[in-house]
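Undergrad: quick one, fold the following:
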Amino acid sequence: MAPFCLIDGSGRIGRRTEGFGAIVVRLLKILAWLVGTYVAIVAAFETLIGVMQPANANTLTLITEPDTAPVARVLARLDDGGQLYVAANHWPRAWYRAVRGSPEVALELDGEAERRYTAVPVEGAEHERLMATFPHSIGFRILTGFPPRRFLRLEPTP
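TA: Numbering: from 1, shown residues only. Okay, the predicted model is just below:
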């Protein structure tokens, strides 16, 4: 749809003109396509992470025990001077809601047997300190759709 050398309704070759409304509609269609594509990329990335649950030396397995069977979730291990934390860094947060509802959890660390912990929500100055200590790159934030980040402090249960 080049603006030059088009045949208008009269059969003459000339410059094509569009009204302001047509330009706005075209721009809105492009914007909708870009937003839809971005949402699809975020959804695909989040699904891939949720299905694969990549584990390495910097992860732990958090086990929640809802009314049904125990549910295991691989999460990034955040160690701040010996204090363990986990963070909800993605939009899918079923595990986070389960822990908030029942904060007694089990952890598997470094392939060792399960240990019991109490998950305590982090707020205020401690939350801000953790945001600064464990920042995410802008690339990660873009790829995950800028979800709000929530931390849980893991305190050993006697």
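Undergrad: all helices of the protein, in order?
TA: Assigned by DSSP state H, the helices in the chain fall at 20-52, 94-101, 124-133, 138-143.
Undergrad: deepest in the core, which of these is it.
TA: Neighbour counts (mean count of other Cβ atoms under 10 Å) averaged over each of the helices of the chain peak at helix 94-101, with a mean of 16. The C-beta positions use only the backbone N, C-alpha and C, and glycine is treated the same way.
Undergrad: so where is this protein shaky, pLDDT-wise?
TA: Applying pLDDT under 70 to the chain flags the ranges 1-18, 66-67.
Undergrad: could you rerun that using 50?
TA: 1-2, 5 (pLDDT under 50).
Undergrad: of all the helices of the chain, which lies closest to Asp80?
TA: For Asp80, the closest of those is helix 124-133, at 6.1 Å, according to Cβ to Cβ.
Undergrad: got the contact list for that closest one?
TA: 78, 80, 85, 87, 122, 149, 151, 153 (Cβ atoms under 8 Å, 6 or more residues apart in numbering).
Undergrad: return the distance of that helix from the chain's centre.
TA: 19 Å (Cα atoms, centre = their mean, to the nearest Å).
Undergrad: likewise for stretch 69-79?
TA: For stretch 69-79, the distance to the chain centre is 16 Å (Cα atoms, centre = their mean).
Undergrad: give me the most central residue, the protein.
TA: Nearest residue to the geometric centre of the chain (Cα atoms, centre = their mean): His90, 2.4 Å.
Undergrad: surely it and Ala43 touch.
TA: No. Applying Cβ atoms under 8 Å, one finds His90 not in contact with Ala43, separated by 11.0 Å.
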